[in-house]
Each structure stands twice: as C-alpha cells, then as structure tokens.
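Asks: I'd like to go over a predicted model; first the sequence, then the structure.
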Amino acid sequence: MKRILTLGLLAACSPFGLLACSDATDAASKATPDQRIAELVEALSPIPKTVTSDISDAHFHRGNELKEELSQAGPEVGRAALRALQARTEKDVAIETGLISVAAHAATADTLPLLENLTTEYGPDLGLRTEAALLLAEVAPERALELIRPLLLRSTRHQTAPPVELLLRGWVVACHKTGRSPVPELCDVATDLFQEGSARVRAVAELGLHPDPRGEKALRAIVVESTGDGYLRRKAAQSLRDTPAARDRSS
C-alpha cells in the first residue's frame, strides 16, 4: 500500500506540486548510497496488476529514470548496488539487471570481475548473464573482445549460454569502442550453417553496415547458398544492396 501511495504522488506531481517534488529531491540528495539503492530496488519491484495505468506508467518510468540517475552517481553508489545484488536471495531479473547496470557504470573496476564471471560461467540466470555480457562490452570493451569472441565462434552451442544474436550486439559495441573491425567474426557467424538462425540474420544485417570486401564476399556466398533459408538469403541480398560499394555503383 505504501508503494502504491508513493507512486500515486509521483504520477500526480505537477507544476502545482513543485514544492513537494523539490522536497523529495532534497531528501534524495541527503540519502546514503545504500538508501538510494534501496529506493531503486523499490522502484524496480513489481506492483499489483490492479493499480491504474497512470500509477503503473509512473512506476515504470521512475524505475528507468532512477537507474539512469544512479548510474552516474559515483563509485560509492555503484558499490552499494553491487552489495545489494550479491546479498539478494530472491530472484527477480528486472531488479538484478538494474542493480548490475548501476554497479557496472558507477563502479566499473569493482564490478568487472562479476561481469566477467557472469559472461563466461554457466549457472546464473540467463537474462542476467546476457545483460552482463552487454554491459561488459560497454564499460570494458577490450576485455569484452577477449571473452565474447570464443563464445561467438564455438562450434557447438550450449543452451545456457547467452544467445549469439545478443553476443553479436555486444561484440559490435566493443569493436566500435576500440576501433577494431567486427567484420571477420561477423563473416564467420553469418556463413556458419550450424549457427542459430537469428544470429546469422543479425550478422548479415551488421555486415551491410560495414564497408569491407570480406563482408561483401560473405554476403554473396549466402545469397547463393543451397540451404532452405530463403529469409536469410533475402536479408543477405538486402544487405549487399545497401553496402556503400553497391550504392556507389548504382549512383
């Protein structure tokens, strides 16, 4: 009930309630890191489905805004998020991914060992492991390149490994941040007949964005391959058409 009343006040905050909002801001600035993280956990916790849509929307937006705010709040808040994550006994993916995101951005050095373990080790929730891999690419791209590449190119897939489609997203982010070309690995995934179909489609789409003869060669090979995946071949043809070289030839 307390949570619902709080959300109702948030939803009702208007120019006529600026004084109350200002008081809330002042209170937040005086709160300890652990108190701010407890506030985040509360904002990310599920609420009864019986609440009205305005309260539900306010709850959703509050959680996102607070996560963004605390991600920039400095190492002490990041460490508090890390402590809260490690102390949790109840599983809730929304709360756990929110905490690890704040920790990774606000206290990267402290969180890096956890991000590495979650990315490479089986056991933890798959959603949390996937989030860790994407965060690793964002906050520690050099290390992400080392850890994600073997996961992309392994010959057999494990059902508890993060989806290659999402690992590819992290791979491209890490390459962009380090100035490395993602094309060789994109080619490997795109042309691997044993890879997940969704991963091949994402790799094909990414290749169309990177002007590289190796990428064009891989796309041409997929267009004429003899598999029954017509959708993948169409996506390859589309990416091939959209490459800078193809656009130059048609202009």
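Replies: That came in fine, so what should we check first?

Asks: For the stretch 51-200 of the chain, which segments count as helices?
Replies: Listed in chain order, the helices of the stretch 51-200 of the chain (DSSP state H, counting those that start in this stretch) span residues 53-71, 75-87, 93-106, 108-120, 126-139, 141-153, 164-178, 183-191, 197-207.

Asks: Any idea which of those helices gets closest to residue 233?
Replies: Minimum separation from residue 233 across the helices of the stretch 51-200 of the chain (C-beta to C-beta) falls at helix 197-207, 9.2 Å. All C-beta atoms are positioned from the backbone trio N, CA, C, and that covers glycine.

Asks: Show me what that closest one is packed up against.
Replies: helix 164-178, helix 183-191, helix 213-223, helix 230-242 (3 or more C-beta pairs under 8 Å, 6 or more residues apart in numbering; DSSP states H and E).

Asks: mind giving me TSV with the ones you listed and columns for mean pLDDT and mean neighbour count?
Replies: As requested, those are arranged in TSV below (pLDDT from 0 to 100; neighbours: other C-beta atoms under 10 Å):
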stretch	mean pLDDT	mean neighbour count
helix 164-178	92	20
helix 183-191	93	21
helix 213-223	91	19
helix 230-242	87	17
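
Asks: Would you format those as CSV with distance to residue 73 included?
Replies: Listed next are the helices and strands packed on helix 197-207 as CSV, based on distance: least, C-beta to C-beta, whole Å:
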stretch, distance to residue 73
helix 164-178, 22
helix 183-191, 35
helix 213-223, 41
helix 230-242, 41
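
Asks: so which of the ones you listed gets nearest residue 126?
Replies: helix 164-178 (10.2 Å).

Asks: Show me how far the closest one is from its chain's centre.
Replies: With C-alpha atoms, centre = their mean, to the nearest Å as the basis, helix 164-178 stands 10 Å off its chain's centre.

Asks: CA atoms only for it - export them in PDB, please.
Replies: Output of helix 164-178 as PDB, limited to C-alpha atoms (Å, rounded to 0.1, in the frame of the first residue of the first chain):
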ATOM      1  CA  VAL A 164      24.700 -15.400 -30.100                       C
ATOM      2  CA  GLU A 165      22.400 -12.800 -31.500                       C
ATOM      3  CA  LEU A 166      22.800 -10.700 -28.400                       C
ATOM      4  CA  LEU A 167      26.500 -11.500 -28.000                       C
ATOM      5  CA  LEU A 168      26.900 -10.100 -31.500                       C
ATOM      6  CA  ARG A 169      25.400  -6.900 -30.400                       C
ATOM      7  CA  GLY A 170      27.900  -6.700 -27.600                       C
ATOM      8  CA  TRP A 171      30.700  -7.600 -30.000                       C
ATOM      9  CA  VAL A 172      29.900  -4.800 -32.400                       C
ATOM     10  CA  VAL A 173      29.700  -2.300 -29.500                       C
ATOM     11  CA  ALA A 174      33.100  -3.400 -28.100                       C
ATOM     12  CA  CYS A 175      34.700  -3.200 -31.600                       C
ATOM     13  CA  HIS A 176      33.300   0.300 -32.200                       C
ATOM     14  CA  LYS A 177      34.600   1.500 -28.800                       C
ATOM     15  CA  THR A 178      38.100   0.000 -29.500                       C
END
